[in-house]
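In: Provide a 3D model corresponding to the input given below.
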Amino acid sequence: MSSTAAAPFTADDYRARIARAAASAAEAGLAGLLVAPGPDLAHLTGYRPTADTERLTLLVVPAHGAPHLVVPALEAGDAARAPGAAALTLRPWTDADDPYAAATALLDPEGAFGISDNAWSLHLLALQRALPRTAYRGLSDVLPMLRAVKDDRELARVAAAGAAADAAYEEILRVRFAGRRESEIAADLAALLLAHGHSQVDFTVVGSGPNGADPHHEAGERVVAEGDMVVLDFGGLKDGYGSDTTRTVHVGEPTPEERRVHDTVRAAQEAGCAAVRPGAACQDVDRAARAVIEDAGYGPYFIHRTGHGIGVTTHEPPYMIEGEERPLVPGMCFSVEPGIYLPGRFGVRIEDIVAVTGTGGRRLNNTPRELAIVE
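Out: Presented below is the predicted three-dimensional model:
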């Protein structure tokens, strides 16, 4: 069942991303960007070292000048084999060296820098001690759209991840729900994601009956029963890019109220997707979906934002929420996932990933959104 792996990104792809990042830093008035291991480093270089180490690894992208990667000497071989390494100058340091001296030699001693949100405070404080006249701002604050706009090859990977998640959903509908624990169904979902080409499963929410009213319920030992509404929210990484989709199913025939709630969420999700177009504000997507739920009398039970960006992580900017006036531009990818959660009773959520096109939005999840009946 596994799918064909995507063609690898080239050194030129990473070189172009770094150039865009440097230009964004200059536009924001920064001297440069400091990128620690994590999603930003993977996006800019293809290098994915462990983030769980005290040894300093730091990509330095000056607003004007050549990028350098400060890296422990014992990991320099791996760094040199990264697909984007040809765009960088490596600066290895040994355990006998001062890694911060290697890093600060590359920095404007009075500059302001954007730094990865996930950089260790250990490293940031050491840089501040060495260069006390420098200033630092989190990348999600100063350049929140650094990874938001995908090129065509990235879009193809997000679409392929969505298609793989769709295939997993189509198969999970054929398994038995009643009489099985949520955790067992979650394990089935995880296995299906892996079978359809995912390298990593990030979450498998299975919220049955009253557990479905908890949007981030972790699948537990509750036994699914006849008459339960069941929220299925699952995703992970395929070829380095994320999937995330939600469908809500019912074990046996639903009540008229359950159908009404599901139909309301489906209409809200349709309205949110229809609001996607270049130039619209992120908050317009939230407003469109939320208005449907409020008009149906369920406004207090829609308790989260309508959507989040997706790319090399499953949650990243932009966010579809009231107050976010940033305009949508072609290449952005994000979820549209309204929900209604009735405490102690049941919940309903429907989610697709949508890519902004030149004229509107394209859904990257395409399984039926009607209420599916399972056994």
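In: how about the helix or strand bottoming out on mean pLDDT in the chain as PDB, C-alpha atoms only?
Out: Every helix and strand of the chain was ranked by mean pLDDT, DSSP states H and E. The lowest is helix 139-142, at a mean of 92. Taking Å, rounded to 0.1, in the frame of the first residue of the first chain, the C-alpha atoms of helix 139-142 are listed here in PDB:
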ATOM      1  CA  LEU A 139      11.000  34.000  14.300                       C
ATOM      2  CA  SER A 140       7.300  33.400  14.800                       C
ATOM      3  CA  ASP A 141       7.000  37.000  16.000                       C
ATOM      4  CA  VAL A 142       9.200  38.800  13.400                       C
END
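In: Name the residues of that helix that are buried.
Out: Leu139, Ser140, Val142 (16 or more other CB atoms under 10 Å). For every residue, glycine as well, the C-beta is placed using N, CA and C.
In: possible to save these as JSON lines with distance to Ala28?
Out: Converted to JSON lines, those look like this (distance: CB to CB, whole Å):
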{"residue": "Leu139", "distance to Ala28": "10"}
{"residue": "Ser140", "distance to Ala28": "13"}
{"residue": "Val142", "distance to Ala28": "5"}
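In: Which member of these is positioned nearest Ile373?
Out: Of all these, Ile373 sits closest to Ser140, with 41.7 Å by CB to CB.
In: quick one: contacts for that closest one?
Out: Asp117, Pro317 (CB atoms under 8 Å, 6 or more residues apart in numbering).
In: same thing but 10 Å
Out: Contacts for Ser140 were tallied using CB atoms under 10 Å, 6 or more residues apart in numbering; they are Asp40, Gly114, Ser116, Asp117, Asn118, Leu146, Glu316, Pro317.
In: mind giving me TSV with the residues you listed and columns for distance to Gly220 and pLDDT?
Out: Output for these, formatted as TSV (distance: CB to CB, whole Å; pLDDT from 0 to 100):
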residue	distance to Gly220	pLDDT
Asp40	34	95
Gly114	40	97
Ser116	34	95
Asp117	31	93
Asn118	29	90
Leu146	37	92
Glu316	28	93
Pro317	31	94
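In: For Ala165, grab the count of nearby residues.
Out: 28 (other CB atoms under 10 Å).
In: For it, give me the backbone phi and psi.
Out: phi -70, psi -40 (degrees, to the nearest 10).
In: so it touches Leu194, yeah?
Out: No - at 11.6 Å, Ala165 does not count as touching Leu194 under the criterion of CB atoms under 10 Å.
In: before we move on, the earlier item: could you give the separation of the least confident helix or strand of the chain from the chain centroid?
Out: For helix 139-142, the gap between its own C-alpha mean and the chain's C-alpha mean amounts to 16 Å (CA atoms, centre = their mean, to the nearest Å).
In: let's have the chain start at 653 instead
Out: New numbering, starting at 653: the last item is helix 791-794.
In: Report the beta-bridge partner residues of the residue nearest to Val928 when sequence neighbours are not counted.
Out: Using CB to CB, 6 or more residues apart in numbering and skipping the chain neighbours, the partner closest in space to Val928 is Gly1013 (3.0 Å). Beta-bridge partners recorded for Gly1013 (DSSP bridges): Val1008.
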